[in-house]
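Enquirer: I would like to see how this sequence folds:
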Amino acid sequence: MATIYDVAELAGVSPATVSRVFNGTSVSSEKVAAVRAAAERLKFTPNRAARTLRRQSSEVIGLIIPDIENPYFTEMARGVEDVASEAGYSVVLCNSDAQVEKESTYLQIVISEHMSGVIIATASEESDLDPVIATGRPVVAVDRTTRYDVDGVVMANRAAGAAATQDLISAGYRRIAYIGGPSHIDTAAERAAGWREAVLADGREADHALTRFSTFRVDGGRAAMEELLALPEPPDAVVAGNNLIGVGAIQVLTEHGLTPPAVGVAVIGSLPFTTLSPRAVTVVRLPARHMGVTAANMLLERIRGDRQPARTVVLRNELQSARVVR
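Expert: Now for the predicted structure:
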């Protein structure tokens, strides 16, 4: 395969001149003709790096998520990749572990590697998007909102929390708890608000003792469920704020001989793994893959020059009831 040095030798110019020709830098017409003739003869094609230098961006987009082990985010990533690949873009997947420091490092890589844009589920409200926004690169926030004026794709989180809780109420449960992720993340806070609204709408007190904010992971669900079962008056049902919390809560309930529906469980997000019958647990399905598809399309629109005001798309959820009446 011919290289830039082969082209330079055949054209009788320096490699730097060849680079200037393919980067669109001003070069005499004679040298341009010589370089292009040599490139054609050698069947030389400018590589991606050359195109990157010419356009100041690459055909690569960054995707930064907080937990690569969560199937919700991997499903979302698949949606992003499907759209990007069809458009001729590659996706670099970065796992921040919900750590602002790691996230900041990845954002700097987006800049230094001249990526065309970034889709990000921010680690926290302290996430700093200023450096990448200052470069003019488009940003699309997914799963959670940010303080920045950028495009976003989120779930109808409050509605999801309310739907999960209302389904447990309809099944006859009376003391319903809520376990969410970190309270400072709006996804957890909004789903908790939906739980509270449904409880109050049913004429009950939204008992603060029945709410727990932990991590969005299995261990968070386990720890919170153990605490709730240790209460003088334990809950008879629980709303799990995401899929992995649901797994942890169900594990603990099973270990205590309280397998659903002995204690009602409603999970926001599809359970990635469980030995229970699907009919035993209420699930509020979240269209994660559609979120990725939507975010990728929005980002590509910005890359192609769309300058309309920032907008946020809210995706609806789907309730799959356990159909259990207590």
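
Enquirer: neighbours of Glu227, how many?
Expert: Residues near Glu227, counting by other Cβ atoms under 10 Å, number 16. From N, CA and C alone the C-beta is placed, and that goes for glycine too.

Enquirer: check contacts around Ala310.
Expert: With contact taken as Cβ atoms under 8 Å, 6 or more residues apart in numbering, Ala310 is in contact with Asp149, Val150, Asp151, Gly152.

Enquirer: so it sits in a helix?
Expert: No: counting by DSSP: H, G, I helix; E, B strand; the rest coil, one finds Ala310 to be coil, located in no helix.

Enquirer: phi, psi for it please.
Expert: Per-residue torsions, Ala310: phi -60, psi 140 (degrees, to the nearest 10).

Enquirer: just to revisit the earlier point, CSV for the contacts of Ala310, including secondary structure and pLDDT?
Expert: Putting those into CSV (DSSP: H, G, I helix; E, B strand; the rest coil; pLDDT from 0 to 100) gives the following:
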residue, secondary structure, pLDDT
Asp149, coil, 96
Val150, coil, 97
Asp151, strand, 98
Gly152, strand, 98
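
Enquirer: only whichever of the residues you listed are buried, select them in ChimeraX.
Expert: Command for ChimeraX that selects the buried part of the contacts of Ala310, burial taken from 16 or more other Cβ atoms under 10 Å:
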select :150,151,152
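
Enquirer: and which of the contacts of Ala310 is nearest Val313?
Expert: Gly152 (7.2 Å; Cβ to Cβ).

Enquirer: quick one on the thing from earlier: what's the closest of the contacts of Ala310 to Val139?
Expert: Of the contacts of Ala310, the one sitting nearest to Val139 (Cβ to Cβ) turns out to be Val150, at 4.5 Å.

Enquirer: now do the same contact list for that closest one.
Expert: Taking Cβ under 8 Å, 6+ apart, we find Val150 in contact with Leu129, Ile133, Pro138, Val139, Val140, Ala141, Ala310.

Enquirer: going through those residues, which ones are buried?
Expert: Using 16+ other Cβ under 10 Å, the buried ones in the contacts of Val150 are Leu129, Ile133, Pro138, Val139, Val140, Ala141.

Enquirer: can you list which of those are found in helices?
Expert: Those of the buried ones among the contacts of Val150 mapping onto helices are Ile133, per DSSP state H.

Enquirer: now tabulate the buried ones among the contacts of Val150 in a markdown table and tack on distance to Ser183.
Expert: Formatted as a markdown table, these follow (distance: Cβ to Cβ, whole Å):
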| residue | distance to Ser183 |
| --- | --- |
| Leu129 | 22 |
| Ile133 | 27 |
| Pro138 | 30 |
| Val139 | 25 |
| Val140 | 25 |
| Ala141 | 19 |
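
Enquirer: now tabulate the buried ones among the contacts of Val150 in TSV and tack on pLDDT.
Expert: Shown next, in TSV, are the buried ones among the contacts of Val150 (pLDDT from 0 to 100):
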residue	pLDDT
Leu129	97
Ile133	95
Pro138	96
Val139	98
Val140	98
Ala141	98
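
Enquirer: so how far is Ile61 from the nearest residue to Arg316 once chain neighbours are set aside?
Expert: Of all residues not flanking Arg316 in the chain, Ala156 sits nearest, at 5.6 Å (Cβ to Cβ, 6 or more residues apart in numbering). As judged by Cβ to Cβ, to the nearest Å, Ala156 and Ile61 stand 26 Å apart.
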